[in-house]
Each structure stands twice: as structure tokens, then as C-alpha cells.
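**Q** Pasting the sequence and the predicted coordinates here, then a few questions.
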Amino acid sequence: MTDVVDDTTASAPEPEPDPDAVAVTLNGTAISARKGELVIAAAERHGAPIPHFCYHPRMTPVGMCRQCLVEVDTGRGMQLQPSCMITVSPDMVIDTESPTAKRAQEGMIELLLANHPLDCPVCDKGGECPLQDQAYAHGPGESRFVEEKRHYEKPIPISDLVLLDRERCILCDRCTRFADEIAGDKLIHFTQRGNETQVMTFPDEPFASYFSGNTVQICPVGALTAEPYRFKARPWDLDQRESTCTTCAVGCRTVVQSSRDELLRYQGVDSDPVNHGWLCDRGRFNFEAVNSAERIADPLVRTAAGLEPTRWNGALGAAASLINDALAKGGPSSIAILGGARGTNEDAFAWGQLADAIDTPYRDAQLGDGLPIEVLGLKRATIDDAANAATVVLLGPDLKEELPVLYLRLRDAAVSGRSKLVEFSAVDTGLSRHAWRSIRHEPGTQHDAVAGAVADEAIAEQLAAGDVVIVTGRQSLAESTDATVAALQRLLDAVPDATVLPALRRGNVVGALSLGMAPTGYDAIDAMTEAAAGTIDVLVLVGADPLNDFPDVELARDALTGARHIISVDTHLSESTQLADVVLAAAAYGEKAGTTTNLEGRVTTVAHQVTATGTARPDWMIAVELASLLGDHGFGDGHPLAEVTTVDDVTDAIVATAPLFPGVTRAALAASPDGVMTLQPAAALPDVAVSVPARNRYDYRLTVSRTLYDRAVGTAMSPSLAGLAPGSAAHVNPLDLAGIGVDDGTIVQLISAKATVSMPVVGNVRVPRGVVWAPFNQRTERGGHIEDIIDAGATAIDVRIERS
Amino acid sequence: MSRLSDHNVVIAREIIARYPKPKSALIPLVHLSQEQNGYVTTEAMKHIAELIGVTPAEVYGTATFYEMFKFEPVGKYVVNVCGTMSCALLGAGELLHHAEEKLGVKAGGTTDDGLITLMPAECQAACTEAPCLQVNYRFRYRMTTSDLDALIDDLRAGRLDGEIPPHGTLGRTRQTIPDDRAVGAVHPDDVTTGPAWIPMEQDR
Amino acid sequence: MTDSTRAVTHDYIPGFYIGDRPQVVTSRFEYEDSYTLERFLATDGYKGLEKCLAGTPAQMHEEVKVSTVLGRGGAGFPAGVKWGFTPAGVWPRYLVVNGDESEPGTYKDRLLMERDPHQLIEGCLIACYAAGLSQCFLYVRGEMALAQERIATALNEAYAAGYVGTNILGTDFSVDIVLHWGAGAYVVGEETALIESLEGERGMPRLKPPFFPAAVGLYGKPTIVNNVETLANLPFVALNGSVAYTAIGTATSPGTRMVAVSGHVKRPGVFEIVNGSTTFRDIIYGEEFSQGIRDDNDLKAFVPGGGSAPWFLPDQLDVPFEGREAGTAGSMLGSGAVMVMDSTTDIPAAALTLTKFYAHESCGKCTPCREGGTWLMRLLERVVAGHGTDADLAQMLEVGQTICPGEMPHASSERLGLEAVPFPYKMTTICFVGPSAWAPLHSALTLFPEEFAARVTPAPKRISIPVTALAAAGADQ
């Protein structure tokens, strides 16, 4: 507020009153609340926080704990009211500190503590516990409850990740409401009644939710604890920085917490445009992989004895000479650089610059598992756009599996009635049951399904009824991108004003593609094909693991064998890294600072919280150092990266040179924790002609997609998550089991033109008849991997299924 | 078999169809399963969850709220002795104590032969007939200890088999809505105009 | 026992006394087969419906409004006005019949359901027609097997005879009545909890306002929740008109109401009484009602309106049996249930039966009720058992204050020099279950302090665990 009188406003007409402002009196002071705002929120915003337990701003208020009672006068005299349940109204008088309000609040604390064990000194929540804080601030000085407290067996595991202590529970309905309203996984519920009410799962069904960790975070007491953090630290021993999760491309805001230089916990931060405070369990708990003993601590070079640790000078020198030799012998087209999507913008930019300097025609941040880069050139939607659109068209993967928090946002849009979902999918997805129309199509024929749908009167009417956002990504790894691209084009032809949210998965894939790691003519499939043909001398894998991530694993194997040399920049010894000649130890998430770009084009910061393992270095630094050893093929004088010494220098270089990043300055990022949007390129989709062979009626058409948990390093190297991967299996409609002549669980052979693999068959109602779905990149007890059947060149794959 | 029998699935589907939303049939269906099995089994709750399209945890969460649902086997007869005010004023405590001695079980327990479960109960809406009790929710009014003795003897001798069905069965007549008379469930989202007998202009 | 009505079979009319008074809802009770369609039709059954269908819905609604048919569930709100609260133009609207009678002391709805189910069905149909309600759910308390059986039979008969279902009596009035039954939870008698339960949920009350069921009810749609007795009044109103109805009772409370008198009286029973025609003295001592205290003992106290109500003393015997008067005297009429305690009554023990009931029946949603109700029960159990201290009594008041802040209503007592504090109380809970655990205990403590004082010993100096010290141990960084 300023007292300076501005002459220009004195004579100007009265400013329009804000139609959303509601004048109320809070503790004797006139304040301006917002229309529809809850009293508790208005009071908090104006410096009068009201104690509460059940209220959570992202969930429906239930008025259950009664802790937030305050006195409110709406014209009928002061009355005690739960401030989480009533919205402000004009001229309302609110007193949060009256003796009556205080007595009620103190009384509530006494009752909440009555049955609560006083085990704060051994409770994980101690020190960050709202109940403890409230008791300290508002509670009685002593306990007058001399009765026997409630006793339950404790703690009991309610899932592989979460434990429940029912004695500590104050029955605030937060976890159960979260499971119901936010996650849609109603696997925990209030049970029993009255004083014996307790949160429980069904007797033989655990709380197997992808989002279970959020319940631990929002629990206002120590009733819910997460296995990976239990008894690891005290809150006051934790150091923390705000950061962004890069497990997938949603870019959830987090705080990264550590103690004694070890990552111990990630907590969700409420970023309004992105994650609303939620995280998926994979993103929340995969810090264990950073701490893993399997981390590559030092650079390695291949000797007769295998990969041996060495010093950086030697490793970088070896890598540089491999590249220099290749350039000398085969020229730039004998080198391919793949990856960059798992690191920061700075990492990708530096490697993109190196690729430019080397002038290789083979570079790609995607591993044949994404979509053509042109999708980033379509009119881009934000997550908020999608979550508020009249219609969201889903033309891609199961978002619950691949971009879990985007799934939460769109589920909310559908459940709340804001948006209608029109889904095109070969199998049921997490969003199918919330979709207004969920259209099943045979894998590889989504373009036909779209053509049919836009001709449908009701759907056409809906598509014309308001904003349309198309969420598109790779639905199946067992088909080329052609059908999806053609389907997308048909949608855009039908709804030219539609905007597109690319559902690409890998953490910083959009950043990497925008900062120099996009293909310049040849993509990853081309590079792998060349390598398999023996024309690639040096294959550089920047955090890339083709043997696990490239859909056509046979081609990947041939490529890694066919490439004469492999340089791998990685954090863990993946299957691909184990084949490398030189391994450059990379700093992992949490060990390096920088920025990342989510699927919207939103750039946020990534925090450096712990010291890197061993001598590992950030990818950008490795690129810069390698460039310095490449002579004419490195960064010459005047190159934006020639003089960089810190990550901030690289960030500044991006701002200075990357065409889409002019506004993404460090100052702008510091001022806006929710991020800064990049500019967006414009591009048209490539023309594709799709021809899908008809399916023989004895065959099953294959669709392969990722599940949240698989063999990826972040999961496999996190002990708490590794066991959650579902494992290899062929899922068919239960009615098809009889046709195949097998029971659920029988080992079957999947026979394609290319290969035969065996795995258990599972009857799954989410799979239509005539289709077989297999999760990608799974561990298997016996038999083969589904990836053996995938053919990078095929528009669709049909298999026969037979009893082994 | 603790899932619903084929016969009961038919009844269950009839019941579900009467409600605008299937979950409304939850309590009647849990009753149906209790009628079939004498108590509420895990398998039955899963089956009901399938039938009404919710998770088993939701069935469990709702069912455990209500006292009539038993999640462990109980006797063929559940004897609920009311202990709330009017009954207590007129000797309910004595009656319950007498029942404990007669049956040789504590309140909450089941006789060794599995015939009778004795339960303390809350007000049964028969306060003028205090003290009262229910056998499988069939009333017995103004009970004396000798009435109680006679009742238990009758139950043991099977003399009340015709009158009192085994635990789980409530009303022995089910509602059946003939197809040609049924209006059908009125779904909250499918109806946007007033009913046929209310001309629009008559609505306020 | 003073008469020959002692009954042990289930289908007798237990304890109901007709008397020589107008009968609005119990007119068929004298017939052994009162629950059959045959008897119903022979005694003007469904005639009110016929008359109702001959007019417009608005006419019927107006008739009910003018009749001032008060809700008989406890709150006493006029049904015709309640129907008018449904927002215009929002469809469909539902009728939910509250047959979950379970307030301690109350016994009337079950009689009406068991003895005259067709009358209730007719009342439902009249309500649906008048208020434009598209489907009716008749929620009967789970423990009432006979009532369920009788209603199911009656509905089956009524469907077959064309009184329920499509095109009722050949008109375009079509409505299904669905028999629904509960599974044992007192709180479900609260109308929002009833709706939750009918949706297949735990019967936990919803907070109101902002949303009353008439605006946002079953499945989020406008819903009228009416008590069984309220609906049972409608056939009379439809058949005989508002003039005949309002000729009975008083201007503010027309008609009759069912009252159950139980406890230490000579003739416990249910009576249909004319509103405003009696005092509590009449009901407890009157020859046509309960005929005085058993063994000619003295009256010690009585509960005037169901277990939730603050207690009255002999001082209040001449209070008219009327809602407003009872409120001024410090209690309420509630659901029409009088429970009488004679001079032999152990007051703390009697209070315990009610506090225990409400503590047990807490749904668990609101902290004060879930934790406070049980705490009160434990404290009182200890006092009744003779192990209590004066600190326990003080703690009861503290917990009570957290449940019901401010002054608690109670009756006047000449003996103690107490002035009455009028109803209602304030409460920190959503519904009345929490306060109901406290109200009887508060009455007992206030009106019979000496009985508690005699039971307790002075509290020893207690070593207590300082919560703040523990919190400090945890939070000290």
C-alpha cells in the first residue's frame, strides 16, 4: 500500500468494483474475500490461520474434525461454525479468536488427543505434525483423559509402501477422501462406527494405488507412514530445496529433502498449474535409486578384464579419441548420439551443441517410443487448458500408467463435470470409466476410429461445444506412429481450433527436443538401423538404454552389437551401458542443478541437493569437457559454451541462443516457482499414408504399452518399487481364454512372423476380444520378452497364441 | 458357497434395478447375503461389489457401520436384549443376566451348540412393552425371567421354527414389482422435466 | 399389570389404547386384520387418493399447507412448507420415508407400519402427487422384520390392484414405491444420514446448511424426507379436507399425535392424543392415559420427548403437551415419547443408559460426539460403579461444554431454586447425536446433584502427563 496520491487517478472514473470481491469483517478488520471462498481460506489469506485437520484445500470439505470452529455472524448473531464448510457472504462478521471460538478449539484438541498415543518422541511425524503443533499452540497443558485409550494392532502394512497406525489416526478423512476423490482408488475406507471408527482396507485387498504416498504426506498425524522413509530422519534434521520431479514429463513440483548428504524424501508441492501438490509413488519414492549401491561412481573404460574404473582424464580422453577417430575415418555420419531426455535442459543443450559441433546427422532424444517431433509444433495446450476444456480427446497412452499426475488432473476434470473425455484406445485405460465416450478400436486403426467418431452427430456436436484439447502420445509400442499421426491429423481437420498436449513420457523429452536433441532428418530408428548395418563407429548413449527402452529390442541388440564403439553417459550400469567401451559417470537427479521442461513447455528449476556419487558429473559438464578434447570438432572460440564453468552459465547460454527460450532467464525462474513457458515452434504433421493389414481371425492383434512400474532404472534400483512391476504376461479377454484353450496363468506362446515368445496368459476384462495386450519392459520368470516380437517397421503386429 | 447363489443373484439384480444408482442396493444385498449364509462373508462382499460396481472396501466400509451385519458366524438365533432406558428401568439388566446364566454364555457370545447368540441391544422401539427383546428381530414383549426361560426352551426344542426363520432372514415377503406396473428407477441425470402429472406451468 | 393387555405374541396391538378421542391415524387399529388391503378398502382406504387425483397437485399441496400438518419426526416442521422448498424446475425430485424409528422411548411409526401399511402407502402417493416426487423410497428400520413384511405384502397388493406403479387409478400419475430397509444405526434417523444410507453409504450426516435435502438430497436432487406418522396423516387430510383436520387440535398444532408413555407408569402404552388438549400430568396420571405411577410411588423425573430431551421434574407436570411450551420449560417434545422415572430410580444409572446409547450410536464423524460421547460414558460408568471422583464430575462438565458450548437448557426446580433455561442448546457437532449423549447427563447432574455427590470421592492429586512437554520433546529443534 502506498500513500502517494496519484493525480491521474484522482480525476479518473472510479475503478470498476471487483465483481468477485466480498467485503467481510475478520477479527474486527475489514477485508476483501473472494466470492465463493471458504471462511478458513479467506482468514488464512489475511493472516488469521485457523487450526484445522480435516480441511485440505484440494479436497471437498467435510467438516469432520470440528477443529476450525470460529464465530460467524451472518445477520443472526454470532454462531460457532466450521470455517471449512461455509463460504463468505457480504457483510459477514468472522471472529476466529473470540473466547467462544478459542474454547471450542481448545476443547476439540483435548478430545482429539484423548485417544491419541503420546508417542511423539518415537513418531516419524514428530516435529512436522499438525496435531502436535496445535496441541502445543492451543491445547491444554496436561491430559485429563485418564481412561484406557483405544488399542489396535499397529502398525499394519496397508500396501507395499504404506503402513497404518490406527491408534494415532484422528479420523480426519483426508487419506480416504484422497483415495476416493483424487486418486479414484477406493481401497481404503472408514470401517466400523462411532468411537471404533477406523480406516482400513478390505480384508484381502491392499491399498495398491499409484498415488498412495500422497496419503502419507497429507496425514495430519503419524498414522500413515511410508516404508522408504520410516525412522530415517527427524524433520528438523532435513535440508530441503524446491525442485521438479523429472520421472515423467508432467513436471510435478517437489521438495527434495536430505539428511547427512543423502536423499531421504520427496514431498509434493502445490503448483496450481501442474500437480496440485500430488505426486505418483514412482516419482515420490525413486530417490532410492539415486542412493543405490549400483550407482556408477567413477568413469569406466573397457579393458581385457571388462569395464574398469579409471580417472576422468583417461575416460574423457578415450571417449574423445573414439570420436576423433570416427570423424577422421567415417565422417560425422559415423557417429550417433541418442538420449538427453532424462537430464536437465542444460544437459540436453550441451549435448545438442556437441552434436552440432560434430555435425552428426543421427541424433534423437526419443528412442523410437515417442511421436514425430512435429507434434510439438502444433498449437500447444497447457495442463490447465486440458483440465478446463469442454472436451478432451485422448489419443495416446494410458495416462495413469505413463503420466500419472496428468491422469489425476484429467480425471478431476471429468469427475467434476468440467470436461467430457472422448477416448480412442485399443484397451481400457485408467480414464475409460470416466470418459463420456470411450471408443475401442483394433490396434493400429485409430485413424479409422477417429474418422467414424467425427462423423457421429453427438460427438461432432460435443467437439463444437467449446474448447477442445487433444492429448496425444504413443498408444502402443507394437505399432508405428503412422496411425496415431493420421488420426491426429483427422481430428485437427475436424476441429481446426483444437490445441494439443503432447503426452510424451520421458522426464525432459520436450526440453531435449527443443534444445538440440531433436532429429535433424534421421531419428532413432534410422540410427539404430544404421548401427545394425555396421555404418556407425561410435554410438553415444546419453542416459539412454535402448535394450530396455527401444521397442524393437532385436534391432536394438543388433545396433549395439553393430556399432563399433559405444560411449555411455549414465548413472547406473544398465544393460546397454554394460556393452559400452567408455562409461562416463553421470550425476543423478538431486545431484545437479538446472532446469527442466515439461510437456507443456513449462520450464522449472531442478535442485542440487546432495553431493554427486563418487566423481560423477552432470551430463552438461561431460559434454563441455569432451568438446574441449575434440579440437576443431569441439566448441571453438566464441561458442556459447566455450567458456562455461557453472550450470548457471549454461542456463544463460540457453537464454542467449536457444530460439524458444528467450524469456527463460534465471531471474524469471526465481520469480516464478510455477515455471516460465518457452516459446513454441510451429510445424505441420508429416503426411502419412496408413495401410494396416487385415487381421486373420485366428490371430490376436498385439498392443504393448508401459505400466508405471517396469524394469527402468529408477524403478528397478529402488528396492521399495522394484517388486511392484506386474511382470511379463499376455493379457486377453477372459472370453478368449477358452478359444485359446487355456486357463488364467497358463504359459502360452505368442507366435509372430518375427519371433516366438512365451509368457503367462491373463484373462483381463479391460482387453477387448481379438486383442492381446502386454506390458512393456517387464521382468520375466521364464520365456521371452514381448519386445522380441516388436518390429520397428510394422504398422501392426498380429500373433497366434498357443499353449506352450 | 459364500458368494450369492444363482437364485439370489436373480433377486439381487431385481433389487438393483429398482434404484437409480446401483450402490443404493448395497445394504439390501448385504442383508440378502446374510440371509443366505447366516453372516456376511468376505466372498459375498466381493460378489456384491461386483454386482453394484464398487470396490470391496466400499462394501466393507458401509457394511461394518451397521450393527445387524455380523462378520463372524453367529447362532441360528440371535437374541437381542434391549438395555436402553425404559427397558433398563423395568429390569432389562436382570433379564440379560438371567439369559447369560440360562444360556451359559456372556453377552456377545454364542452357545456351544451354535444355536443361540446372546447380544445386548439398544432401543428397539417397543418402549411401552419394556422390557423387550428380539429373536432374529422378532419381538418378545414385557419379558419376565420365566418368559425368557420358556422362550429359550422353545427355541431349543425347535418349537418356533415356523415362526422365526434362521438369523439373516428379515421380512419373509419380498417386494416384487410386476413388470407391467413398474415405472422403473428414475435416474437423477436422465430426467430434466417434471413428471407427467405436473403441468410445467403449475410448478412454482 | 392393571389390565389384560399383557402380550407376548408379535401381532397383537401391543400396548395401544384407543380411548374416546378422535382418531386420525389409528382408525383401523381396532381390527385384527387392519393391515390387509381388504380391510383397508372396506374402511375408506385409498379414497383420499382418489379424491386427491381428481384435483390438481397444486390443490392437494395447498390443502396440506392449510392443514399445517406438522412433521412428526421430532423437528415439527410443517410438511406443506417443506415440500415447497424444492427449487423450481429442478427434476427429478424424490420422496424418502423415514421409518427408521429408534429414538429411545419412541414407539409409534412401527405401529403405523405394522398395523396400517396401506395408510402409509396412500400417504406416500398423496405426497408424491402433490409435490411432484417421481420415486418414493420407503426406508424401514432394519430391526423391524414384521413392519418390512407387512409393507412388502401391502405394496405387492397395492401394485396388483393398481394403486402403485404406472398410471395409478387410470390417471397419468405414475410412481414406484421401493421398500428399503436399514441395518441397525440410530443416526440414520437423521434425514441427511438417512439419505447417505439410502445411497449405500455409511450413515453419516451431511452438513446442512448450505444444503438441505429439499434442495440437494438423494443423488444430489431435491428430496423430501417425511416421517411415517406425518405421511399417515395425509389420507385423512385428502379425504376429509383441511377444515376437518384443523378442527382437531390447536391452531398452531392441528390434528393429533402419537405419544408413547413408558417406564414406571401403571399403564405404559401408545396413545393418539389431540394436540394441545393435554398436559404432562394428564398423560402420566390421566385415567385414559397412563393412570399414574406404578405402586403409587412418587414421580421423580420424566423425559418429555425421547431420549435426547432434557428431563422434566414433577415441577413441570402442568406444562401443556405442546412444543413451544415444552421448549420454554427447558426441553422439547421431540418424537412424542415420555419416559417416566419413579422415586426408586437410580438417577445416575438411568442417565447412563441414555448416554451409553448415544455414545454407542455416534457415527464417528464429528470429534466432539465420537470422542466426547464415549468419554462421558466412561466417566459416568465409573461414577455409577462407585469409583468416581469429584474430578470426574468436573470433567463431565468440561466435555459437555465442548459438545454444547454455552448455557445448556434445563428445567426449573423449586427444590433447588433453579430457573428454567429454555431450549435449544448450541452444539459443535453436525447433528444431534453428540448433544444427546450430554443432554440427559446434564439434566441428571443439574437436577439431582446430590445423587452424584453421594457417589464420588474427592479426587487425589493426579500426576498427569503434560502434553506440552511431550510436544516440546518432539518439536524442539
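**A** Done, it's in. Numbering: from 1, shown residues only, chains lettered A, B, ... in the order given.
**Q** and the residue of chain B nearest chain A?
**A** B:Gly61 (3.2 Å; C-beta to the nearest C-beta). All C-beta spots, glycine's among them, are computed from the backbone N, C-alpha and C.
**Q** Spit out the contact partners of that residue.
**A** A:189-191, A:200, C:202 (C-beta atoms under 8 Å, 6 or more residues apart in numbering or on different chains).
**Q** Now intersect those with the strands, please.
**A** Using DSSP state E, A:189-191, A:200 are the members of the contacts of B:Gly61 that sit in strands.
**Q** which among those residues gets closest to chain B?
**A** Chain B has its nearest neighbour among the ones in strands among the contacts of B:Gly61 in A:His189, at 3.2 Å by C-beta to the nearest C-beta.
**Q** out of everything not next to it in sequence, what's closest to the residue of chain B closest to chain A?
**A** A:His189 (3.2 Å; C-beta to C-beta, 6 or more residues apart in numbering or on different chains).
**Q** The one you found pairs with what?
**A** Note on A:His189: beta-bridge partners by DSSP bridges are A:Met200.
**Q** what's the distance between it and B:Val59?
**A** To B:Val59, A:His189 is 9 Å away according to C-beta to C-beta, to the nearest Å.
**Q** Show me whatever sits in contact with both of these two.
**A** Contact criterion C-beta under 8 Å, 6+ apart; residues shared by A:His189 and B:Val59: A:Phe202.
**Q** out of these two, which sits in the busier spot?
**A** Neighbour tally, A:His189 and B:Val59, criterion other C-beta atoms under 10 Å in any protein chain shown: the higher count belongs to B:Val59, 29 against 23.
**Q** before we move on, back to that, just put the ones in strands among the contacts of B:Gly61 in TSV and tack on pLDDT.
**A** As requested, these are exported to TSV (pLDDT from 0 to 100):
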residue	pLDDT
A:His189	98
A:Phe190	98
A:Thr191	98
A:Met200	97
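**Q** Taking those, tell me the two that lie furthest apart.
**A** For these, the maximum inter-member distance is 8.1 Å, found between A:Phe190 and A:Met200 (C-beta to C-beta).
**Q** now the strands: where do they sit in the stretch 201-350 of chain A?
**A** With DSSP state E, counting those that start in this stretch, the ranges of strands along the stretch 201-350 of chain A come out as A:224-226, A:239-244, A:253-259, A:262-268, A:300-303, A:306-309, A:335-339.
**Q** can you tell me which of the ones you listed comes nearest to chain B?
**A** strand A:224-226 (15.7 Å).
**Q** Now look at the closest one and say if it contacts chain B.
**A** No - shown here: strand A:224-226 not in contact with chain B (C-beta under 8 Å from any C-beta of the partner chain), separated by at least 15.7 Å.
**Q** Can you check the pLDDT for C:Tyr219?
**A** Among the per-residue scores, C:Tyr219 holds a pLDDT of 96.
**Q** sorry, that was for A:Val624
**A** The model reports A:Val624 with a pLDDT of 98.
**Q** measure it to chain B for me?
**A** Between A:Val624 and chain B the computed distance is 53 Å (C-beta to the nearest C-beta, to the nearest Å).
**Q** Any idea which residue of the stretch 151-300 of chain C lies closest to chain A?
**A** Proximity to chain A, evaluated over the stretch 151-300 of chain C using C-beta to the nearest C-beta, is greatest for C:Leu207 at 4.7 Å.
**Q** ok so, going back, what's the mean pLDDT across the strand or helix carrying the residue of chain B closest to chain A?
**A** Using DSSP states H and E, B:Gly61 sits within helix B:56-63. For helix B:56-63, mean pLDDT rounds to 98.
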